[in-house]
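1. no sequence on this one, just coordinates:
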């Protein structure tokens with residue numbers, strides 16, 4: 001029995017590690033695809049939706065079920081917020097570097113902790129406010145000049161907007177997860193994203209190198225749907241703190257991939273600012289865990 005448990009634990013850890021690596025490759029793939037952010041988002045949404053619907057059809061699971069008719073609006077809003085997260089994250093990568101984009105996006109756990117008390121009528125926590133101040137300091141280090149014409153500043157701005165979208169998405173998730181599984185909510189999000197980004201369809205109708213078509217397919221099917229399956233499945237067997245540790249490594253792995261595959265060398269300011277932001281997010285999460293406070297661990301994009 002113990003051998004079986006150890007084997008299951010090892011397989012789950014391996015699956016979570018694979019999911020983390022695949023998620024970390026998203027930024028690199030976006031940089032390699034020479035399409036506008038909306039076109040990449042449409043390609044990702046379509047391929048992710050096809051992969052998800054295929055999986056659900058094989059499993060004979062309901063595709064788009066509603067527990068309550070009033071849930072339709074928040075489910076669609078969830079898709080809108082996820083679409084905003086994708087679009088602005090991709091725009092951040094296009095405007096600056098993968099490192100600046102992922103570091104700016106990684107501020108979202110603390111943004112979530114700050115907006116939750118407002119939207120869910122909870123008390124503010126001092127530790128979150130201190131963490132937010134540290135994150136602001138980290139962002140200020142990453143951005144050398146706060147000018148809209150500066151590529152780093154623009155990338156950080158888009159990354160922060162993406163983080164806010166993801167934070168709002170996380171808060172809304174908490175209201176819906178009591179009635180819907182993560183996979184069901186994913187189906188609605190991918191469908192809404194496909195509809196929202198349809199105006200970008202002509203960009204995909206133009207001649208695109210076959211290798212970039214493959215990148216788009218992998219971005220949606222492998223780096224999104226398959227990775228989310230692995231990630232969600234890990235919750236059944238691992239503690240949230242364990243999954244949080246793995247996903248906390250994502251910015252570092254992403255920057256490493258960008259350095260090796262794209263030859264993007266982060267500046268000293270970006271490295272120091274990123275370390276401040278990432279360490280603050282992790283430390284605040286650990287402190288919240290000690291106080292038995294539910295904390296939004298770093299999630300996926």
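-> Sure thing, it's come through. What you are looking at is a predicted structure, and each value in this text was computed from that prediction instead of being measured. Residues are numbered from 1 along each chain as shown.
2. show the pLDDT at residue 204.
-> Listed pLDDT for residue 204 reads 75.
3. next up, the contacts around it.
-> By CB atoms under 8 Å, 6 or more residues apart in numbering, the residues touching residue 204 are 35, 39, 42, 43. For the C-beta atoms, the positions are set from N, CA and C on the backbone; glycine is no exception.
4. by neighbours, which of those wins?
-> residue 42 (28 neighbours; other CB atoms under 10 Å).
5. quick one, phi/psi of residue 179?
-> Note on residue 179: its backbone torsions stand at phi -120, psi -20 [degrees, to the nearest 10].
6. just the contacts of residue 204 now: which is nearest residue 202?
-> Proximity of the contacts of residue 204 to residue 202 (CB to CB) peaks at residue 39, which lies at 8.6 Å.
7. doesn't residue 198 make contact with the closest one?
-> No. Residue 39 lies out of contact with residue 198 (CB atoms under 8 Å); the separation is 11.0 Å.
8. coming back round to it: farthest-separated two in the contacts of residue 204?
-> 35 and 42 (9.0 Å).
9. any common contacting residues for these two?
-> What both residue 35 and residue 42 touch, as defined by CB under 8 Å, 6+ apart, is the set 203, 204.
10. pLDDT below threshold where in the protein?
-> 1-7, 9, 120-122, 124, 128, 146, 148, 236, 238-244, 284-301 (pLDDT under 70).
11. for stretch 198-207, buried residues please.
-> The neighbour-count check on stretch 198-207 (16 or more other CB atoms under 10 Å) flags 200, 203, 204 as buried.
12. distance of residue 206 relative to residue 23?
-> Distance of residue 206 to residue 23, given as CB to CB, to the nearest Å: 29 Å.
13. ugh, wrong one, residue 73
-> 29 Å.
14. of those two, who's got more company?
-> The residue with more neighbours, out of residue 73 and residue 23, is residue 23; 23 against 9, by other CB under 10 Å.
15. element containing that one, please.
-> In this structure, residue 23 is located in helix 2-24 according to DSSP states H and E.
16. and the next element down the chain from that helix?
-> Following helix 2-24 in sequence, per DSSP H and E, is helix 26-32.
17. name the next helix or strand downstream of that next one, please.
-> Using DSSP H and E, the helix or strand that follows helix 26-32 in sequence is helix 37-58.
18. number of nearby residues for the residue lying closest to residue 179 once chain neighbours are set aside?
-> Spatial nearest neighbour of residue 179, excluding adjacent residues (CB to CB, 6 or more residues apart in numbering): residue 67 at 4.4 Å. Other residues near residue 67 come to 11 when the count uses other CB under 10 Å.
19. pretty sure residue 67 contacts residue 180?
-> Yes. Taking contacts as CB under 8 Å, residue 67 lies within contact range of residue 180: 6.9 Å.
20. what touches both of those two?
-> By CB under 8 Å, 6+ apart, no residue touches both residue 67 and residue 180.
21. need the contact list for the closest residue to residue 45 other than its chain neighbours.
-> With sequence-adjacent residues excluded and distances taken as CB to CB, 6+ apart, residue 45 is closest to residue 193, at 3.8 Å. With contact set as CB under 8 Å, 6+ apart, residue 193 has these partners: 41, 42, 44, 45, 49, 79, 82, 83, 86.
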